[in-house]
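>>> sequence and computational prediction follow.
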Amino acid sequence: MKYPMTIGNLIECFKKLPGIGEKTAERYALSILDLDDEILNLFADSLINVKKRIKRCKKCHNLTENDFCEICQDITRDKKTVCVVEEPKNIMSFEKAGTYHGMYHVLDGLISPLDGINPEDINLDSLIKRIENDEIEEVIIAIKPCIEGETTSLYITRKLKDKNVKISKIAYGIPLGADMGYVDPLTLEISLENRQQIS
């Protein structure tokens with residue numbers, strides 16, 4: 001026996017999310033039937049609005065509903081320091097730790113020639129422009145410790161060699177290959193505090 005088409009479609013939709021298999025998708029779809037109309041409408045609106053309203057910050061490429069994200073608009077933050085991360089969820093990890101008060105720059109990927117990802121395919125040009133135009137004094141590289149991460153770090157260091165900017169890298173309390181989005185706040189805090197200057 002099959003589920004009615006509406007439930008079957010919902011199960012298929014849930015399965016498209018990372019880490020969701022058949023059983024979990026089925027459980028989620030059936031639990032939707034028990035939600036209050038108010039919550040259900042909020043859930044449906046949120047799904048639609050996340051696609052309609054969320055865009056990238058024009059300065060740092062973080063997620064935002066405006067032209068510039070809250071962090072870039074915050075006048076209390078240290079504008080002279082930029083922490084370079086791979087993706088927007090990494091910013092959330094640092095913000096939860098609550099010890100870093102500078103700016104961010106999201107690369108949206110790492111250099112990986114084997115996968116066809118070259119320097120021009122990620123947000124490196126806009127990083128260089130920021131450093132030139134915003135009088136940045138320190139760039140902290142906070143990307144995962146893997147081959148692609150090291151390649152990207154080396155490239156950034158080379159590109160910034162003549163820019164009169166301090167370049168540091170977070171310390172490795174972080175396991176090799178770890179996804180920065182899943183590193184606990186304390187480890188991130190220690191890694192940030194013990195960062196090593198590389199240029």
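Good, I have the coordinates.
>>> next SSE downstream of the longest helix along the chain?
In the chain, taking DSSP state H as the definition, the longest helix is helix 37-53. Going down the chain from helix 37-53, the next helix or strand is strand 55-56, by DSSP states H and E.
>>> quick one: strands adjacent to that next one?
Take DSSP bridges as the rule and strand 55-56 pairs in its sheet with strand 63-64 (antiparallel).
>>> ok, and what's touching the partner strand?
The contact list for strand 63-64, computed with CB atoms under 8 Å, 6 or more residues apart in numbering, reads I54, K55, R56, C57, C69, E70, P88. Heads up, the C-betas are built off the backbone N, CA and C, glycines and all.
>>> which SSE is immediately downstream of it?
helix 70-73.
>>> avg pLDDT for the following helix or strand past that next one?
Downstream of helix 70-73, the first helix or strand assigned by DSSP H and E is strand 78-85. Averaged across strand 78-85, the pLDDT comes to 96.
>>> ok, then the element right after strand 78-85?
Going down the chain from strand 78-85, the next helix or strand is helix 88-97, by DSSP H and E.
>>> pull the CA atoms of that following helix into CSV?
The C-alpha coordinates for helix 88-97 follow below in CSV (Å, rounded to 0.1, in the frame of the first residue of the first chain):
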residue,chain,number,x,y,z
PRO,A,88,28.0,31.2,5.9
LYS,A,89,27.3,28.6,8.5
ASN,A,90,30.9,29.0,9.7
ILE,A,91,30.1,32.6,10.6
MET,A,92,27.3,31.3,12.9
SER,A,93,29.7,29.0,14.6
PHE,A,94,32.1,31.9,15.4
GLU,A,95,29.2,34.1,16.5
LYS,A,96,27.9,31.4,18.9
ALA,A,97,31.4,31.3,20.5
